[in-house]
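In: could you look at this predicted model? Sequence included:
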Amino acid sequence: MFFILITGLLLGGTYALIAMGLNLQYGVARIMNLANGEMLVAGGFAAFWVYTAGQVSPIAALIVVAPVAFVVNWLIYRIMLRPLVKRAKSRGALEVDSILATFGLSFALVGIMSWMFGGGYFNYSYLAQRVDIFGSSYGQNRVVAFSIASLIAAGLWLWLSYTRAGLRMRAVAVSPESARLVGIDVTAVSALAFGLGGAVTATGGALISMFFTLDASVGVLFTMKALIIVIMGGVGDIRGTIVAALILGIAETFVARVIDPGLTLAAAYVLFLGILLFRPQGLFGKKPT
Amino acid sequence: MKRRSLMTTVAALAVMMGSLGAALAQDVLKFGAAAPKTGPLAGGADVTHWPAVRLWVEQTNAAGGLQLADGPALIELIEYDDQTNPQQAIQAAQRMATQDRVDFMVAPYSTGLNLAAAPIFSQLGYPQITGSNVTNQQPELSAQFPGMFFVLGRTSVMAEDTAQVLVDLREAGDIGNRVALVNVADAFGIEMAGISRAVLEENGFEIVYQTSYPLGTQDIAPIIDGAKAANPDAFIAWSYPGDTFALTDQAIVQDFSPSVFFTAVATAFPSYYGRFGQQAEGVLGMGGVNPDDPAFQAFATAHEDLSGQGPDFWASASTYATLEILGQAIEATGSRDRAVVMEYLQDSSNSYETVLGPVQFNDMNDNERYWTVGQWQDGVFRGVAARGRDGVSDVVLKDGWD
């Protein structure tokens, strides 16, 4: 039982890493970023590259990966997405435009990564040793990734809850129009949220690359997972993302171990549908007023 | 996404410069190739398919091209990305035939894409010599598509030979009767696991754990946990690359070390040994080669020189062989007329010298000599079971991970 719980938590931590960035991008900047998975893979490739070329630990690499990803995503927002935001007459219009634009961006990123790294599989061995918890063995790399995911989540939550900048971000998430009325620079906050989301996603990618085999085209799988988690947890709410990620991780592991691993996908979608039926706004989402 | 290979052009130029006078008279044979550069199978194609295809083109051009009746012809290779999408594979074949007017086409990568493209190859009259296509439906396919040829082998034989490895080990008293069997839940995994289970049970093995997992899963801990709890003598996974890596990784982490550890696709990739190093020793997988064969060694060296990576120890060589076969058929007939070349290929009395050794198709267009099971031994993936190939090595028991 402990095995299922801990394996599920470790998996849930991975899911949280995948989804937290998208939540900031979709929840605050209102961009449904379909290139999110590619950004994650790019983070993984960066970690792979510094590890194999320079023997630098992928965790140390975060010091470079996160800021670079922030700048890249910030630029993507300012150059590519801002015009869409300006033009959009409604939130619905913006979502449609941003889905199309980032869908295109995802293809472009796959192309760039294939060109730079080739289409092959990338993985490396880092902290791939055992660690025993309650009599069962787990990969050290997964435990480390989970710990860092917890730190990032706690940091983000504290920042969003207790700082002025976090308050501004929550205000934009709840209502961009009203936020503007109280003097918040919505554009700057959105760009910040998009950049921050990208940085968190790339960080997740770098950590996941310690135990996942990646290739240039695999991003879409992560995007799908992240979407499910963000919608399950409630758009714009970090707590919701984390709780949803953990529930999903534990549920999938439970189904895989007790019922049948072939049913994990089905279990994920049943859970997703169940939550949508009873709480369409997600676990922690605010009901539209 | 049309890319004419720069290397091809450079090679072609070099050859032309070398034989100034003759250069003007030299002809070009257009080859079209569509295979994954993106999508789920891009990783596999990047290892197994593209480098082997480009290598053959480069080497053929460096040797002066193919000798046709009216003189030599250099190969021009036109590449398309089929995005691992059957529909795209079909469209690319159509485009290559009607717009690029290619003389011949390289067969697609993987079983699924080859099956998808078979009707269009057949309809357009192109021979389809497959090097990365494992299926059991060869009689039906060759009856329906007489231009489709099979170099890599049959699923049932792969499963039978894997079971035979276990039978031999049991008879030698090295392992017991208990087998854990898992598979990726797509056409390949389901078919292999089905045949595998039947053959193992016929041979008196007890399947103590069996399950499938969805394509794309890399969270494999519950599966290894379940398999370990069943305490098997042998673990057999009909897996795809991502999960092949993940299963091995997780088995190491959970210290699940049965005497026989078998994973399927990508076990034979150099990156598998690159990832696991010494821990890969003794792992069994699909395919294999004879790494002591000078022909394979020359191929491996040239492959590494061209692409910066070695070939995989299974289908890279058979992919290369498909083009050797096509090239030899074209030269034997001296013709660029596909119907003539096709007729030559269909004549089962013809045989071809390839990197795999001699290849001859039977009247079901099937090559009956191929590798079935391999094992990592001393840093190379040696064939430990084969049909009609020399250089089969003995199987060793896996002795833990540490």
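Out: Structure received.

In: contacts for stretch B:349-366?
Out: For stretch B:349-366, the external contacting residues (CB atoms under 8 Å, 6 or more residues apart in numbering or on different chains) are B:138-139, B:142-143, B:146, B:148-151, B:154, B:293, B:295-296, B:299, B:317-318, B:320-321, B:324-325, B:328-329, B:332, B:344-346, B:348, B:367-370, B:389-390. For glycine as for every other residue, the C-beta is placed from the backbone atoms N, C-alpha and C.

In: apply 6 Å and report the result again.
Out: Under the criterion CB atoms under 6 Å, 6 or more residues apart in numbering or on different chains, residues B:138-139, B:142, B:149-150, B:295, B:299, B:317, B:320-321, B:324-325, B:328, B:348, B:367-368 lie in contact with stretch B:349-366.

In: looking at those, which are in helices?
Out: Judged by DSSP state H, the subset of the contacts of stretch B:349-366 located in helices is B:138, B:139, B:142, B:295, B:299, B:317, B:320, B:321, B:324, B:325, B:328.

In: grab the nearest non-local neighbour of residue A:91.
Out: Nearest residue to residue A:91 in three dimensions, chain neighbours excluded: residue A:30, at 6.5 Å (CB to CB, 6 or more residues apart in numbering or on different chains).

In: check residue A:180 too.
Out: Residue A:180's closest residue in space is residue A:186 (CB to CB, 6+ apart), at 5.2 Å.

In: can you pull the contacts of that neighbour?
Out: A:172, A:176, A:179, A:180.

In: from those residues, which ones fall inside strands?
Out: Taking DSSP state E as the definition of strands, these contribute nothing to them.

In: only the buried subset of those residues, as a ChimeraX command please.
Out: Remark: buried members of the contacts of residue A:186, expressed as a ChimeraX selection using 16 or more other CB atoms under 10 Å in any protein chain shown:
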select /A:172,176,179
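
In: need the worst-confidence member of the contacts of residue A:186.
Out: In terms of pLDDT, the lowest of the contacts of residue A:186 is residue A:176, showing 85.

In: need the nearest residue in space to that residue, chain neighbours excluded.
Out: Per CB to CB, 6+ apart, closest to residue A:176 is residue A:186, 5.0 Å.

In: please identify the buried residues of whatever helix or strand residue A:273 lives in?
Out: Using DSSP states H and E, residue A:273 sits in helix A:264-278. The neighbour-count check on helix A:264-278 (16+ other CB under 10 Å) flags A:264, A:265, A:267, A:268, A:271, A:272, A:275 as buried.

In: tell me the spacing between the residue lying closest to the last one once chain neighbours are set aside and chain B.
Out: Setting aside the residues directly before and after it, residue A:275 is nearest to residue A:232 in space (CB to CB, 6+ apart), at 5.1 Å. As defined by CB to the nearest CB, to the nearest Å, residue A:232 lies at a distance of 18 Å from chain B.

In: who's in contact with the most centrally placed residue in chain B?
Out: The residue lying closest to the centre of chain B (CA atoms, centre = their mean) is residue B:315, at 2.5 Å. By CB under 6 Å, 6+ apart, the contact set of residue B:315 is B:48, B:132.

In: could you check how far it is from chain A?
Out: For residue B:315 relative to chain A (CB to the nearest CB), the value is 14 Å.

In: tell me the confidence at that residue?
Out: Reported pLDDT for residue B:315: 94.

In: which secondary structure element contains residue B:134?
Out: Going by DSSP H and E, residue B:134 is not part of any helix or strand.

In: so it touches residue B:152, yeah?
Out: Yes: counting by CB atoms under 6 Å, residue B:134 does reach residue B:152; the two are 5.4 Å apart.

In: quick check: end-to-end length of stretch B:283-293?
Out: One end of stretch B:283-293 sits 21 Å from the other (CA to CA, to the nearest Å).

In: do stretch B:138-151 as well
Out: End-to-end distance for stretch B:138-151, by CA to CA: 11 Å.

In: now that stretch: average pLDDT?
Out: The average pLDDT for stretch B:138-151 rounds to 95.

In: count the neighbours of the closest residue to chain A within the stretch 301-402 of chain B for me.
Out: Nearest residue of the stretch 301-402 of chain B to chain A (CB to the nearest CB) works out as residue B:309 at 7.7 Å. When neighbours are counted by other CB atoms under 10 Å in any protein chain shown, residue B:309 registers 18.

In: tell me which helix or strand residue A:149 sits in.
Out: helix A:140-162.

In: buried set for that helix?
Out: Quick answer for helix A:140-162 (16+ other CB under 10 Å): A:140-146, A:148-149, A:152-153, A:156-157, A:160.
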